[in-house]
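Engineer: quick one, structure for this:
(one chain, ligands or ions: 1)
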Amino acid sequence: RIAYVNGRFVPHRDAAVHIEDRGYQLADAVYEVWAVMDGRLADAEGHFARLERSLGELKIRQPMSRRALEMVMREALRRNRVREGLIYLQVSRGVAPRDHAFPGDDVAPAVVITAKSLDRAAVEAKAAKGVGVVTVAENRWGRCDIKTVGLLPNALARQQAKEAGAYEALFVDELGMITEGAASNAWILDQDGVLRTRDTNANILRGITRRTLMDVIAETGLPFQERPFTVEEAKSAKEVFVTGAGSLVLPVVSIDGQKVGDGAPGPVATRLRRLYIERARATAL
Ligand code: PLP
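Structural biologist: Numbering: from 1, shown residues only. Have a look, this model is predicted:
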């Protein structure tokens, strides 16, 4: 495997950043993940736009133009022979002697890109079985709309899920509402047959997969509302699923060990997964 680090392609095992990189010391860095389909970037535009927004919110300089970034990403895919998989891009504020306040303008942002292949057949087999999730108390900062590498609460939540034999953790706020997953947005098909996902005025990541799936749903004519739901509503929902560049549209079959519906992926989530993948493949750049 080959990684891109600050202007160079290097063997993955030798790819390293400096100990004074602010991403390493302070989580002063943002990232994006694209699904790769047929060697192309799924939801390309949405992820680039969010990257630019994340950088802007943190006043991290654009490391290079979008065109240049895209070229380097395509080269990373080519060198790693990735046709189906994921591509990860991270931009930190750069390398400077440790100090909480920003360094001067002479410090250039640091860019890291890695790409990996996925076995789509294995991924589809997993999706066909559905996954379990656990609920955990929301304990993240107030700017979850920025896609930063400050993922310690997410990592702890995911570990808790893993220890419970589950795949994902859903954060629950003090009102008992599900905010989102540790690495996904959460959805239900409620008892009235309405598809629901939390609005993005709340403190969650504005998922790109979520956004595209909303367009897909609009085309199907299925009832949909951007409206939060409680853990109890999720547990008694007809169907539950999560969305993300890694998960795509992934049926949830249990919450805290309790079956959702009959404990198998529902027809709506299964259909939306298929429709999302068709759309993402057809529009990948
Ligand atoms: N929420 C969180 C916390 C995430 O890390 C992610 C990333 O996958 C998502 C939601 C889904 O976002 P996207 O669909 O843009 O991948």
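
Engineer: name the residues of the chain found near the ligand, please.
Structural biologist: For the chain, the residues in contact with the ligand (Cβ under 6 Å from any ligand atom) are 33, 180-181, 183-185, 205, 207-210, 243-246. Heads up, the C-betas are built off the backbone N, CA and C, glycines and all.

Engineer: from those residues, which land in strands?
Structural biologist: Members of those lying in strands (criterion: DSSP state E): 33, 180, 181, 185, 243, 244.

Engineer: can you list the domain ranges for the protein.
Structural biologist: 2-118, 123-283 (automatic domain parsing).

Engineer: and the ones you listed as a markdown table, adding mean pLDDT and mean neighbour count?
Structural biologist: Putting the domains of the chain into a markdown table (pLDDT from 0 to 100; neighbours: other Cβ atoms under 10 Å) gives the following:
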| stretch | mean pLDDT | mean neighbour count |
| --- | --- | --- |
| domain 2-118 | 98 | 17 |
| domain 123-283 | 98 | 18 |
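
Engineer: residues contacting the closest residue to residue 103 other than its chain neighbours?
Structural biologist: Spatial nearest neighbour of residue 103, excluding adjacent residues (Cβ to Cβ, 6 or more residues apart in numbering): residue 96 at 3.6 Å. Shown in contact with residue 96 (Cβ atoms under 8 Å, 6 or more residues apart in numbering): 20, 22, 103, 107.

Engineer: one more: residue 149?
Structural biologist: Taking Cβ under 8 Å, 6+ apart, one finds 23, 27, 29, 30, 31, 90, 92 in contact with residue 149.

Engineer: so which two of the ones in strands among the residues of the chain next to the ligand are the farthest from each other?
Structural biologist: 33 and 180 (15.2 Å; Cβ to Cβ).

Engineer: residue 165 contacts residue 132, correct?
Structural biologist: Yes: here residue 165 lies in contact with residue 132, judged by Cβ atoms under 8 Å, at a distance of 6.6 Å.

Engineer: do you know how far the residue nearest to residue 103 is from residue 57?
Structural biologist: For residue 96, the distance to residue 57 (Cβ to Cβ, to the nearest Å) stands at 20 Å.

Engineer: in its sheet, what does the strand or helix carrying residue 241 sit against?
Structural biologist: Assigned by DSSP states H and E, residue 241 belongs to strand 239-244. With DSSP bridges as the test, strand 239-244 is paired with strand 185-189 (antiparallel), strand 248-255 (antiparallel).

Engineer: and residue 95, how far from the ligand?
Structural biologist: 25 Å (Cβ to the nearest ligand atom, to the nearest Å).

Engineer: tell me the contacts of the residue sitting nearest the centre point of the chain?
Structural biologist: The centroid of the chain falls nearest to residue 244 when counting by Cα atoms, centre = their mean (4.5 Å). Residues in contact with residue 244 (Cβ under 8 Å, 6+ apart) are 181, 183, 184, 185, 207, 209, 250.

Engineer: distance of the closest residue to it other than its chain neighbours relative to residue 100?
Structural biologist: Counting by Cβ to Cβ, 6+ apart, the nearest residue to residue 244 once its immediate chain neighbours are dropped is residue 184, at 3.9 Å. Going from residue 184 to residue 100 by Cβ to Cβ gives 31 Å.

Engineer: and residue 217, what is it in contact with?
Structural biologist: So residue 217 contacts 195, 224, 272 (Cβ under 8 Å, 6+ apart).

Engineer: for the nearest residue to the first one once chain neighbours are set aside, give me its contacts.
Structural biologist: For residue 195, ignoring the flanking residues on the chain, the nearest one in space by Cβ to Cβ, 6+ apart is residue 224 at 4.5 Å. By Cβ under 8 Å, 6+ apart, the contact list for residue 224 reads 194, 195, 196, 214, 217, 218.

Engineer: in the chain, which helix is the longest?
Structural biologist: helix 267-283 (DSSP state H).

Engineer: got a list of contacts for that one?
Structural biologist: Contacts for helix 267-283 (Cβ under 8 Å, 6+ apart): 35, 37-38, 42-43, 127-128, 187, 189, 195, 209, 212-213, 215-217, 220, 222, 238-241, 243, 248-251.
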